[in-house]
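In: A structural model of the following input is requested.
(chains A and B, ligands or ions: 2)
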Amino acid sequence: MRIAVVGKGGAGKSVVAGTMARLLARGGDKVLALDSDPIPGLAISLGLGPLDTPMLLDAVEKDDNGRWRLKKGIGAARAVQRYSLVGPDGVRLLQFGKTTASGLKDFMGSVNGFYQVVHRLARDDSLSGWTIVGDLPAGPRQTAFDWVPYADKLVLVVEPTWQSILTARRIARISRQRSGVEVVAFGNKLREDGDTDLIEERLGERLGGSLPFDPLVAEADAHGKALIDHAPDSPAVHAIEHLIDAISRRKVSA
Amino acid sequence: MKIAVAGKGGVGKTTISGTLARHLARTGMPVIALDCDTNPMLGVSLGVGPEETDRLGTVRQGLDTGEVEHQPTTQGIVETFGTDAPDGVRLVVVSRIDNIDPG
Ligand SMILES: Nc1ncnc2c1ncn2[C@@H]1O[C@H](COP(=O)(O)OP(=O)(O)O)[C@@H](O)[C@H]1O
Ligand SMILES: [Mg+2]
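Out: Ligands and ions are numbered 1, 2, ... in the order given. From the prediction side, this is the model:
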């Protein structure tokens, strides 16, 4: 299963992606977590704490035209094996680093290497046994610019606000222009009884699951901890177990 | 006065920008609200309405059709590609990603 988690900023993408990755790993999967957001998120929600490290810098070189390429002999499998970081429950994380005062300028090698690895992943049979969970930046940009060629499922995280719903609608529309991707909408931060209906009606999609507003989720983030470590028995973790269940028809538990 | 609002997603940039623009307009200032997000939502917080916000034309579309070339001044661009929001705020959306990138 290859999942990319998308939605508006603050919708809960990183919490959902990190918790899914941990749960799937506990269920026995070999899990690769991919963070293509230049803003911190996934490392924290995986339980690695704040981690800005740009990865894959040693995996790339410049060609004669000054363009970044992966060094000879570095395919997707080797890139994962050598350059990813192993986190709790054995989840492996690949990321291209986080924005600094000078933007991403100092590690464009990492950004380009990441983009190329992600494209090779999609075609590399030796990684076919791996489960992938990608955490994307806010908005439709990476979906439009082909940053998730590996994904067969797009989890659209959507809050019951117009901005979040419009964003989700735009992303769903764009992703359906590519074939072979299943879109699963997931409601987050629901507070009232009517919220599910409100989202479904405005989004024009049924929800594959939803998560209530849960102070424990925000609390985990405030402590810099993974939700699954901070509150393994919370309604939020159970809701994410149900989401996995719904999209893979497989039971996992914290 | 020119103000840019920045921060992580979901922290309230759009809400603060929209409300600030409305406040300033109420004090009598002419206000241009410029939405530079490729996922533009400023119309929602200005009170233009969500569905309307999703349909607004953008400067980018004007570039693609060549209309921007006929508007050599900023004033012209604001008039041609802007939309009236409440309190007399003029909303200008730079671009919106609606489709996959063909290349
Ligand atoms: N169901 C929820 N209840 C309460 N707070 C939540 C919930 N989901 C997410 N949050 C909080 O909202 C903030 C944004 O979540 P995050 O996963 O970083 O969003 P994104 O990655 O989409 O920008 C975090 O502080 C997180 O703890
Ligand atoms: Mg995030």
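
In: Could I get the full set of strands for chain B?
Out: B:32-35, B:83-84, B:90-93 (DSSP state E).

In: quick one, which of these is nearest to ligand 1?
Out: Among those, the nearest to ligand 1 by CB to the nearest ligand atom is strand B:32-35 (19.4 Å). In this view, the C-beta of every residue, glycine as well, is placed from N, C-alpha and C.

In: about what we covered before: tell me which of the strands of chain B sits nearest to chain A.
Out: strand B:32-35 (12.0 Å; CB to the nearest CB).

In: So the closest one, near chain A or not?
Out: No. Strand B:32-35 is not in contact with chain A by CB under 8 Å from any CB of the partner chain; minimum separation 12.0 Å.

In: Mind listing what's buried along that strand?
Out: For strand B:32-35, the neighbour count (16 or more other CB atoms under 10 Å in any protein chain shown) marks B:Ala33, B:Leu34, B:Asp35 as buried.

In: pLDDT below threshold where in the chain?
Out: With no chain named, the answer covers chain A. For chain A, not a single residue meets the criterion pLDDT under 70.

In: right idea, wrong chain: chain B
Out: Applying pLDDT under 70 to chain B flags the ranges B:102-103.

In: Show me the residue of it that gets nearest to ligand 2, please.
Out: Proximity of chain B to ligand 2 (CB to the ion) peaks at B:Gly9, 7.3 Å away.

In: circling back: turn the strands of chain B into a markdown table, including distance to A:Lys98.
Out: Formatted as a markdown table, these follow (distance: least, CB to CB, whole Å):
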| stretch | distance to A:Lys98 |
| --- | --- |
| strand B:32-35 | 25 |
| strand B:83-84 | 35 |
| strand B:90-93 | 28 |
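
In: Can you tell me which of the ones you listed is nearest to B:Pro72?
Out: strand B:90-93 (16.2 Å; CB to CB).

In: Now do the closest one: which elements does it pack against?
Out: With contacts defined as 3 or more CB pairs under 8 Å, 6 or more residues apart in numbering or on different chains; DSSP states H and E, strand B:90-93 has these neighbours: strand B:32-35, helix B:42-46, helix B:74-81, strand B:83-84.

In: which one of the ones you listed is the most hemmed in?
Out: helix B:42-46 (a mean of 24; mean count of other CB atoms under 10 Å in any protein chain shown).

In: Quick one: list the elements packing against it.
Out: By 3+ CB pairs under 8 Å, 6+ apart, helix B:42-46 packs against helix A:162-175, helix B:13-26, strand B:32-35, helix B:50-55, strand B:90-93.

In: same thing but at 6 Å, please
Out: In terms of contacts (3 or more CB pairs under 6 Å, 6 or more residues apart in numbering or on different chains; DSSP states H and E), helix B:42-46 is packed against helix B:13-26, helix B:50-55.

In: is the first one anywhere near chain A?
Out: This means helix B:13-26. No. With CB under 6 Å from any CB of the partner chain as the criterion, chain A is not reached by helix B:13-26; the gap is at least 6.7 Å.

In: Extract the CA atoms of that helix and return them as PDB.
Out: Taking C-alpha atoms only, helix B:13-26 is exported to PDB below (Å, rounded to 0.1, in the frame of the first residue of the first chain):
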ATOM      1  CA  LYS B  13      -2.400  34.000   8.000                       C
ATOM      2  CA  THR B  14      -5.500  34.200   5.800                       C
ATOM      3  CA  THR B  15      -7.900  35.100   8.600                       C
ATOM      4  CA  ILE B  16      -5.600  37.800   9.900                       C
ATOM      5  CA  SER B  17      -4.900  39.300   6.500                       C
ATOM      6  CA  GLY B  18      -8.500  39.300   5.500                       C
ATOM      7  CA  THR B  19      -9.600  40.900   8.800                       C
ATOM      8  CA  LEU B  20      -6.800  43.400   8.700                       C
ATOM      9  CA  ALA B  21      -7.700  44.500   5.200                       C
ATOM     10  CA  ARG B  22     -11.400  45.000   6.100                       C
ATOM     11  CA  HIS B  23     -10.400  47.000   9.200                       C
ATOM     12  CA  LEU B  24      -8.000  49.300   7.300                       C
ATOM     13  CA  ALA B  25     -10.600  49.800   4.600                       C
ATOM     14  CA  ARG B  26     -13.200  50.900   7.200                       C
END
